[in-house]
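1. got a predicted model here, sequence first, then my questions.
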Amino acid sequence: MGMLEGKVAFITGAASGIGLGTAKRFATEGARIVLADLQDEDGEKAAREVEALGGEAFYVHCDVSSDESVRTAVERAVERFGRLDIVFANAGINGVWTPVDELTPEEWSKTISINLTGTYLTVHYTVPHLKAAGGGSILITSSVNGTRTFSSPGASAYSTSKAGQVAFMKMIALELGRSHIRVNAICPGLIHTNIQERTEQRDTEQLGIEVELPKGSPALNEGEGDPIDVADVCLFLASDLGRHVSGVEIFVDGGASLL
Ligand code: NAD
């Protein structure tokens, strides 16, 4: 019997990387999975990959920065599986990494609306269903970059969105405890996914220091982590193993934040 038998998990940003890795991990523990993303082709393919592990999976189009899109996606998820028990607000972008005086208001807003407002919208529309199920677990993908390890000059919008997610997580953990809903954040260090190639770095010479993506996890191993390293921590938090854990951020960075 799997650790998530009978549970339904709603995962945003599930077509790729950490979201997909976690969808697969949860499926192997018996959960039924809703994969929400805006890349429809990759999302449908991802759902088939998750189903191949033996569970039930359903892809739904969802732009987390759009109120209407999240509301509709959550409705479709509940129509399909009848309930929600686990919510993983994971969709995110690095956006543009550039000096703050070069970062345009549109670029700032895009990163904040996907990473931070998208987290709020995902929680806002799913919480009624967790309450209806008698409780549940919410996970939020923040980053070491939003908490302690500011190793990426040029990432002002990204870091702000990721720090905001941690504050939001703590506040709703306090609010939702009485509804038996636990809320926690994962703070990955460098994880091997598609996000790096989707990052635009611009005007880096103006910083006086080179803008660079974070370098791996030298404290415990030589390089970056894999989505499965994050997925295993998500499983702990989503399952009964984490039943007495709420309102915390857990670093999954191979010890990089120690440096
Ligand atoms: P990824 O690019 O492989 O996957 C991100 C997924 O989010 C993609 O499938 C993408 O289509 C989806 N997405 C983007 N914008 C969306 C939107 N508006 N609505 C719905 N889906 C959207 O990257 P990843 O590394 O797996 O990123 C997942 C999360 O992990 C992000 O929040 C990211 O900030 C965080 N994170 C990643 C790292 C890392 O090193 N990979 C480190 C720290 C934090």
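-> Great, that's in hand. The structure presented is a predicted model; accordingly, all values stated were derived computationally and were not measured. Numbers count the residues shown, from 1 in each chain.
2. C-alpha only now, for contacts and for neighbours.
-> OK.
3. can you show me the strands along the stretch 101-250 of the chain?
-> 136-141, 181-188, 200-201, 249-252 (DSSP state E, counting those that start in this stretch).
4. worst average pLDDT in those strands?
-> The weakest mean pLDDT among the strands of the stretch 101-250 of the chain belongs to strand 200-201, with a mean of 80.
5. paired strands for it, with orientation please.
-> Looking at strand 200-201 with DSSP bridges, its partner strands are strand 96-97 (parallel).
6. before we move on, back to that, between the strands of the stretch 101-250 of the chain, which gets nearest to the ligand?
-> The closest of the strands of the stretch 101-250 of the chain to the ligand is strand 181-188. By Cα to the nearest ligand atom, the value is 4.3 Å.
7. tell me what the closest one is packed against?
-> With contacts taken as 3 or more Cα pairs under 8 Å, 6 or more residues apart in numbering; DSSP states H and E, strand 181-188 sits against strand 136-141, helix 156-176, helix 227-238, strand 249-252.
8. what pLDDT does the nearest residue to residue 242 once chain neighbours are set aside get?
-> Nearest in space to residue 242, with sequence neighbours left out and distances taken as Cα to Cα, 6 or more residues apart in numbering, is residue 236 at 5.4 Å. In this model, residue 236 is scored at 98, pLDDT.
9. any idea how far residue 236 is from residue 85?
-> When distance is defined by Cα to Cα, to the nearest Å, residue 236 is 14 Å away from residue 85.
10. look at those two and report which has more neighbours.
-> residue 85 (26 against 14; other Cα atoms under 10 Å).
11. list the contacts of that one.
-> By Cα atoms under 8 Å, 6 or more residues apart in numbering, the contact set of residue 85 is 7, 8, 9, 129, 130, 133, 135, 136, 137.
12. cutoff 10 Å now
-> 4, 6-10, 31-32, 126-127, 129-138, 181, 238 (Cα atoms under 10 Å, 6 or more residues apart in numbering).
13. then residue 174?
-> Residue 174 touches 181, 182, 183, 246, 247, counting by Cα under 10 Å, 6+ apart.
14. try residue 136
-> 7-9, 84-87, 127, 129-130, 176-177, 179-183, 238-239, 243.
15. from residue 27, how far off is the closest residue to residue 252 other than its chain neighbours?
-> Among residues not flanking residue 252 along the chain, residue 188 sits closest, at 4.6 Å (Cα to Cα, 6+ apart). According to Cα to Cα, residue 188 stands 21 Å off from residue 27.
16. and the helices in this protein, which stretches?
-> Ranges of helices within the chain are 17-28, 40-51, 67-81, 105-112, 118-132, 156-176, 227-238, based on DSSP state H.
17. what average pLDDT does the first one get?
-> Which is helix 17-28. Rounded mean pLDDT across helix 17-28 is 98.
18. contacts only, for the spatially most central residue of the chain.
-> Nearest residue to the geometric centre of the chain (Cα atoms, centre = their mean): residue 90, 1.7 Å. By Cα under 10 Å, 6+ apart, residue 90 lies in contact with 11-14, 18-19, 22, 36, 64, 115, 118-119, 122, 139-142, 185-186.
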